[in-house]
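# Next come a sequence and a model predicted from it.
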Amino acid sequence: MDRLGNRCPLPGYPRPSVLLCLLILTASFLTYPMLRTLSLQLHSAVTGSYVSGTYSIVFVNCPNEQIAREIARAILDKKLAASVNILPKASSLYFWNGEIEEATEILLLIKTKTSKVHMLSSYVRLVHPFEIPEIFSLPMDQGDVHYWKWLEEGMEED
């Protein structure tokens, strides 16, 4: 009877193998993003190929060209990006305080590493004159390998 008692769990308690499976599933779920990123970086390093999403384009609207240039230069000086395009006179319509507003804005297209988007966004919020600046990013999917290399070199710390 003792032997049987050791093999069969008490009624209402899960078997140790079920608990182990739940633990493995939970650990896998929580570490998947990190493991995926590491495996993609390793694949990229070994094959020399570009991993989609390594770089991003960040969009930021500014009220005028002077502020746009100041923000762009500061971003480049801080190595938060490798390149910034300043596109003049974007017509914007948007809701603000329950009303439809219309404005002419300057659009910044900022090319950076996806890993720097959070720091870049924080910095822009700090220096931008708008109460809620428009800041969003899209990952770069495909492009020229030489361009990716140039982006990387442009953001290297001295």
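Ah, there it is.
# Skipping its backbone neighbours, what lies nearest the spatially most central residue of the chain in space?
The centroid of the chain falls nearest to T114 when counting by C-alpha atoms, centre = their mean (4.4 Å). Closest residue in space to T114, ignoring its immediate chain neighbours: S56 at 4.5 Å, by C-beta to C-beta, 6 or more residues apart in numbering. Where you see a C-beta, it was placed from the backbone N, CA and C, and this is true even at glycine.
# Next, the one you found: secondary structure please.
Put simply, S56 is strand when judged by DSSP: H, G, I helix; E, B strand; the rest coil.
# Next up, the contacts around it.
111-114, 117, 137-140 (C-beta atoms under 8 Å, 6 or more residues apart in numbering).
# which of those residues tops the neighbour count?
T112 (25 neighbours; other C-beta atoms under 10 Å).
# Name the nearest residue to that residue, sequence neighbours excluded.
In space, T112 is closest to A81, 4.0 Å off (C-beta to C-beta, 6+ apart).
# right, and the one you found touches V124 too?
No: the criterion here is C-beta atoms under 8 Å, and A81 misses it with V124 at 10.5 Å.
# of those two, who's got more company?
A81 (25 against 22).
# okay, the more buried one: pLDDT?
At A81, the model reports a pLDDT of 97.
# Three-state assignment for it, please.
When the rule is three-state DSSP, A81 gets the label coil.
# hang on, the earlier thing: for N97, see how far away the residue nearest to T114 is.
31 Å (C-beta to C-beta, to the nearest Å).
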